[in-house]
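*Asks:* Dropping the sequence and predicted coords here.
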2 protein chains.
Amino acid sequence: MHSFTEENYLKAIYKLQETNGEVVATSALAQVMGVHAPSVTDMLKRMAGKKLVTYQKSKGVKLTERGRQVAVGIIRNHRLWEVFLVDKLDYKWDEVHDLAEQLEHIHSEDLTNKLDKFLGFPKADPHGDPIPDSNGVLPKSKAVLLSTLKINEQGTFTGVTDHTAAFLNYLDKTGFSLGDPIKVKGIEEYDQTYTLQLKGKKEVVVSFKVANSLLLSY
Amino acid sequence: MHSFTEENYLKAIYKLQETNGEVVATSALAQVMGVHAPSVTDMLKRMAGKKLVTYQKSKGVKLTERGRQVAVGIIRNHRLWEVFLVDKLDYKWDEVHDLAEQLEHIHSEDLTNKLDKFLGFPKADPHGDPIPDSNGVLPKSKAVLLSTLKINEQGTFTGVTDHTAAFLNYLDKTGFSLGDPIKVKGIEEYDQTYTLQLKGKKEVVVSFKVANSLLLSY
DNA sequence: TAATATAATTAGATTACCCTAATTTAATTT
DNA sequence: AAATTAAATTAGGGTAATCTAATTATATTA
Ligand SMILES: [Mn+2]
Ligand SMILES: [Mn+2]
Ligand SMILES: [Mn+2]
Ligand SMILES: [Mn+2]
C-alpha cells in the first residue's frame, strides 16, 4: 500500500490540479503540504518512480491515472467519514475535517463500501462536497458562486469554497444552512456587499468575501 | 502524540505483562512485534527516553504508568471499533481484528467517547474482551477456561483466548455463540476430549485445544 | 566452577521523509 | 539581450524504525 504521506501528496496534487490547472508547481505543493521545496522535489522523484505522478525536472507534476485513482479514493473516504461523524456521532460540520484527515487513510475498500451503505449512499458530505462513487467517478458540480448572481436571482445553498471552522461557524451564527434557498435582494455598488433573503423571509447583509465563498445550485 | 509504532509496542508490552508477568523480555517483544531483537533494543531506548517504559540493559522492560495509560487507551479504541464494525457494519467477528488494528490509532479521545456513546456503552467487544472505561479502568474478568470444569459443571460462554479467524470460524460452524450456556457432559480420560451440551440440547465433542480456548462465566 | 548455550546489545547500514545552504534554471524587468 | 528576481534542484545532514553480523552478558549444564 501507500504511505499516509504519499496519499496526502496525491490528494494535494489532485486538488491543485482541479483549481489551478493541470500542472502543479513544486512551490505550490510545498505550501499546501507545509514542507519546504527540496522535500517536495525529493518526494516527487520517489512518487514518479512508483508511477503515481509524471514529473519533469523544473516543469512541475501531474497525476498519472493510477495517482488520480488513489487520490479520489482518499477523497471518497474523507467525505464518507465526515458524513459518519456528523450524521451518526452528532459532530458539527466545523469539527469533522481533522478527524476525517486521519480516518481517510484507513486502508480497506470493503470498509469504505460498507460505510457508504450504512450511511445510505450519501451524495455529498456535510459541506456539500460531492462523494466519489466506488469507481472513482466524481460528479461534476454545476453550482455557482453566490457572487456571480444579479439582483433578484436565487438558488439553493449547496456548498462552500471556504472550509475553515471560522467561516462555517459564521454561517451557523448568521442563519445559513445547507439546502436552504437564498435570494439576492440587493448588491451595494460601493463595496459589493450583498443583501440576502434566507429561508423564512429573514434578511442578512454579507461581505463580498462571504458571497464569494458560497455555492448555489438551481 | 505517539507514533503508531510506539503505540503498538506499548500494546504488546501491556499484553505480555498481563500474561507472562511484570517484566517483559526483548526476545518476547521481538517475536510479538515481528521484528528482530536489535530493533527492539533500539526502540526501547527511545521509549525509555520518553518515559513510556522503564528499561534496564539486559533486564527487560516494564510500562510506566503513562505507558500503561496509553496502552489501555489503544485497547479501548480497538475494542470499540470492533463493536462498531460488527454491530453497525455487519462484519463477522472473525473479520474485524485487522481493521481495528488500523482504527485504534485514530487520535481523539472525544471521538472514542462519542463512539462509545453511539454504541450504547458496550461492556465487551465481539470476542467477549472487556472494554476499558474512559479512565483506563479495565474490569478484572472472572471468566475461567472451559478446560478447568468437571463433568456436569456449566457456565455461560463469554470469551475466547484464541482470536484467530480459523478458530472463530470453527466456533461458528460448530454452533458456539457468545452468551450461550455450555455444560460439560463428559471428559475422555485418554485425550481430554470434551463432550459439551450447547444451547438447545445440542451435543458436540471438542478437543482439549478447543476446551482450553473457551472462557466461561457463571 | 568451568564450559556451553541462549539472550541481548553494539556496530554499521538502509529507507522514508524532512531540513538548511548553495547552486542552477526559468521568468521577469530593464 | 543583459541583468535581476524568483523558483527549483542538488549537496549534505538528521531522525525513526528497521536490518545483519559481531560481540557481550546471562543462564544452563556438565
Ligand atoms: Mn474535510
Ligand atoms: Mn468536507
Ligand atoms: Mn482484535
Ligand atoms: Mn477483540
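*Replies:* On my side now, so go ahead. Numbering: from 1, shown residues only, chains lettered A, B, ... in the order given. Ligands and ions are numbered 1, 2, ... in the order given.
*Asks:* Can you give me the domain assignment for chain A?
*Replies:* Listed domain ranges for chain A are A:4-63, A:144-217 (source: automatic domain parsing).
*Asks:* Can the longest one be said to contact ligand 2?
*Replies:* No - judged by C-beta under 5 Å from the ion, domain A:144-217 makes no contact with ligand 2; its nearest approach is 6.2 Å. In this view, the C-beta of every residue, glycine as well, is placed from N, C-alpha and C.
*Asks:* close to chain B, is that domain?
*Replies:* No - using C-beta under 8 Å from any C-beta of the partner chain, domain A:144-217 stays clear of chain B, coming no nearer than 14.7 Å.
*Asks:* Over to that domain now: how far is its first residue from its last?
*Replies:* 7 Å (C-alpha to C-alpha, to the nearest Å).
*Asks:* the helices in chain A, which residues?
*Replies:* A:4-20, A:26-33, A:37-49, A:65-87, A:97-103, A:109-118, A:165-174, A:208-211 (DSSP state H).
*Asks:* From ligand 2, how far out is the residue in chain A sticking out farthest from the centre?
*Replies:* Most distant residue from the mean C-alpha position of chain A: A:Tyr190, 31.2 Å away (C-alpha atoms, centre = their mean). For A:Tyr190, the distance to ligand 2 equals 34 Å [C-beta to the ion, to the nearest Å].
*Asks:* and what of A:Asp129?
*Replies:* Counting by C-beta to the ion, the gap from A:Asp129 to ligand 2 is 5 Å.
*Asks:* count of residues packed around that residue?
*Replies:* A count of neighbours around A:Asp129, defined by other C-beta atoms under 10 Å in any protein chain shown, yields 20.
*Asks:* Comparing the helices of chain A, which comes out most buried?
*Replies:* helix A:65-87 (a mean of 21; mean count of other C-beta atoms under 10 Å in any protein chain shown).
*Asks:* so how far is it off the chain centroid?
*Replies:* 10 Å (C-alpha atoms, centre = their mean, to the nearest Å).
*Asks:* can I assume A:Tyr9 is in contact with A:Thr26?
*Replies:* No - look at A:Tyr9 against A:Thr26 with C-beta atoms under 8 Å: they stay out of range, at 11.6 Å.
*Asks:* Report the set of residues contacting both of those two.
*Replies:* Common neighbours of A:Tyr9 and A:Thr26, counting by C-beta atoms under 8 Å, 6 or more residues apart in numbering or on different chains, are A:Leu44.
*Asks:* Show the contacting residues for the spatially most central residue of chain A.
*Replies:* Geometric centre of chain A, nearest residue: A:Asp129, 5.7 Å, by C-alpha atoms, centre = their mean. Shown in contact with A:Asp129 (C-beta under 8 Å, 6+ apart): A:79, A:159.
*Asks:* By proximity to DNA strand D, which residue of chain A wins?
*Replies:* Per C-beta to the nearest atom of the strand, A:Ser27 is where chain A lies closest to DNA strand D, at 2.8 Å.
*Asks:* returning to that earlier point: got the domains of chain A as TSV, with mean pLDDT and distance to B:Val137 columns?
*Replies:* Below are those laid out as TSV (pLDDT from 0 to 100; distance: least, C-beta to C-beta, whole Å):
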stretch	mean pLDDT	distance to B:Val137
domain A:4-63	97	32
domain A:144-217	96	33
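*Asks:* JSON lines for those, including distance to B:Asn169?
*Replies:* Shown next, in JSON lines, are the domains of chain A (distance: least, C-beta to C-beta, whole Å):
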{"stretch": "domain A:4-63", "distance to B:Asn169": "32"}
{"stretch": "domain A:144-217", "distance to B:Asn169": "44"}
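*Asks:* now those domains as TSV including distance to ligand 4?
*Replies:* Output for these, formatted as TSV (distance: least, C-beta to the ion, whole Å):
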stretch	distance to ligand 4
domain A:4-63	25
domain A:144-217	35
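*Asks:* Identify whichever of those lies nearest to DNA strand C.
*Replies:* Closest among those, using C-beta to the nearest atom of the strand: domain A:4-63, at 3.4 Å.
*Asks:* for the residue nearest to A:Ala124 when sequence neighbours are not counted, what are its contacts?
*Replies:* Once flanking residues are discounted, A:Ala124 sits nearest to A:Pro130: 5.5 Å by C-beta to C-beta, 6 or more residues apart in numbering or on different chains. For A:Pro130, the contacting residues are A:79, A:123-124, A:138-139, A:141, by C-beta under 8 Å, 6+ apart.
*Asks:* List just the nearest of the residues you listed to chain B.
*Replies:* A:Arg79 (16.7 Å; C-beta to the nearest C-beta).
*Asks:* re the thing from before, quick check: PyMOL command selecting the buried ones in the contacts of A:Pro130.
*Replies:* Burial among those is assessed by 16 or more other C-beta atoms under 10 Å in any protein chain shown; the matching PyMOL selection reads:
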select buried, chain A and resi 79+124+138
